[in-house]
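J.: have a look at this prediction, sequence included:
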Amino acid sequence: MKYELQALPYAADALAPKMSETTVNLHWGKHVQTYINNLNGLIPGTPFEDASLEEIVKKAEGPIFNNGAQVWNHTFFFWQFAPKPAASKPSGALAAAIDKSFGSFDAFKEQFTKAAVTLFGSGWAWLVKKEDGSLGIVQESNAGNPLKKGLVPVLTCDVWEHSYYVDYQNRRADFVATFWELVDWSVVEKRY
C-alpha cells in the first residue's frame, strides 16, 4: 500500500490567525509529507507493506512505527479543527463523560492544558477513552499514540515545536490556549 498526503478538509489559510497559512503549509504540506515519504520507503517487503496506519501504530516498532504513527497522529490532529467551530465545548454523551471523569469541562481543559504545556520535549497530549468507558489524559513522547496501549484516542494536541514555533515561537502555552478555539467538538464527539 502506498500512502499519500490527503487534502485538508479546509483551506490552508482557514485557521488563521490562530494557526497561520505558513504553519499549516509547513506542518501538513511539508512535514507530514516527509513522514509519508519515509513510511512508503520503509514498508516494502515488510509485514506492514499492506497494513493500515492503525495496524502500523498498534504493531510496528522503530522507524516504521515512528513514521506511521506520525502520519496517523497528524491526520487525527488536523481533522479535529474547524475555521469556525459550531460549539466551544462538547455536548451530549461526551460532555457527560467529561463531567464524570474530570468534574467539569473547565477542570478537564485545565488538566489537558497542563499535560500539553508540561510535556517535556516533543510529543502529544491525548484525551482517551478507556476500556471501561471513562476518560483519561495521557502524555506521549515523540510519535507515541495511545492505540498502542489499547486506549481510544478522542482528542489530541501536538506539542512538537514545529506545530507552533512559526506562530508562537517558544510560547507553547499560548499555542495551547489558542488550540481550544479551533477544536470542532462535533468531530470529537463522533470519535467518542
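T.: Sure, I can see it. Numbering: from 1, shown residues only.

J.: contacts, neighbours, all on C-alpha from now
T.: Fine.

J.: tell me the contacts of the residue positioned nearest the centre of the chain?
T.: By Cα atoms, centre = their mean, the chain has its centre lying nearest to F77, at 3.1 Å. By Cα atoms under 8 Å, 6 or more residues apart in numbering, F77 lies in contact with 155-158.

J.: need the contact partners of stretch 176-187.
T.: Surrounding stretch 176-187, the residues in contact under the criterion Cα under 8 Å, 6+ apart are 15, 18, 79-90, 113, 116-117, 157.

J.: assign the residue nearest to the centre of the chain to helix, strand or coil.
T.: On the three-state scheme (DSSP: H, G, I helix; E, B strand; the rest coil), F77 is labelled helix.

J.: looking at this structure, which residue lies furthest from center?
T.: Among the C-alpha atoms of the chain, the one most distant from their mean position (Cα atoms, centre = their mean) is that of G45, at 29.0 Å.

J.: is it true that it lies in a strand?
T.: No. Under three-state DSSP, G45 sits outside any strand and is assigned coil.

J.: could you list the domains of this protein?
T.: As recorded under automatic domain parsing, the domains making up the chain are 21-78, 92-191.

J.: follow-up on the earlier one: now the residue farthest from the centre of the chain: how far from N145?
T.: For G45, the distance to N145 (Cα to Cα, to the nearest Å) stands at 24 Å.

J.: beta partners for D158?
T.: Beta-bridge partners for D158, by DSSP bridges, are W124.

J.: OK, contacts around G136?
T.: G136 makes contact with 101, 127-130, according to Cα under 8 Å, 6+ apart.

J.: let's see 7 Å
T.: 127-129 (Cα atoms under 7 Å, 6 or more residues apart in numbering).

J.: for G133, give me the pLDDT.
T.: At G133, the pLDDT value in this model is 90.

J.: any idea how many residues pack against it?
T.: 13 (other Cα atoms under 10 Å).

J.: check G68 too.
T.: Neighbour tally, G68, other Cα under 10 Å: 27.

J.: what's the separation between it and Q169?
T.: Taking Cα to Cα as the measure, G68 and Q169 are separated by 27 Å.

J.: got the contact list for the nearest residue to F48 once chain neighbours are set aside?
T.: Spatial nearest neighbour of F48, excluding adjacent residues (Cα to Cα, 6 or more residues apart in numbering): I56 at 6.6 Å. By Cα under 7 Å, 6+ apart, the contact list for I56 reads 48, 65, 68.

J.: from those residues, pick the one nearest A7.
T.: Using Cα to Cα, G68 is the member of the contacts of I56 that lies nearest A7, at 17.7 Å.

J.: with just CA atoms, put the strand or helix carrying that closest one into PDB.
T.: Here G68, judged by DSSP states H and E, is contained in helix 62-78. Coordinates of each C-alpha in helix 62-78 appear next as PDB, following Å, rounded to 0.1, in the frame of the first residue of the first chain:
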ATOM      1  CA  GLY A  62      11.200   1.600  15.300                       C
ATOM      2  CA  PRO A  63      11.200   3.700  12.100                       C
ATOM      3  CA  ILE A  64       8.100   2.100  10.600                       C
ATOM      4  CA  PHE A  65       6.200   2.900  13.800                       C
ATOM      5  CA  ASN A  66       7.600   6.400  14.200                       C
ATOM      6  CA  ASN A  67       6.700   7.500  10.600                       C
ATOM      7  CA  GLY A  68       3.400   5.600  10.500                       C
ATOM      8  CA  ALA A  69       2.300   7.000  13.900                       C
ATOM      9  CA  GLN A  70       3.200  10.500  13.000                       C
ATOM     10  CA  VAL A  71       1.100  10.300   9.800                       C
ATOM     11  CA  TRP A  72      -1.800   8.900  11.900                       C
ATOM     12  CA  ASN A  73      -1.300  11.400  14.700                       C
ATOM     13  CA  HIS A  74      -1.100  14.400  12.400                       C
ATOM     14  CA  THR A  75      -4.200  13.300  10.400                       C
ATOM     15  CA  PHE A  76      -6.100  12.900  13.700                       C
ATOM     16  CA  PHE A  77      -4.800  16.400  14.900                       C
ATOM     17  CA  PHE A  78      -5.700  18.400  11.700                       C
END
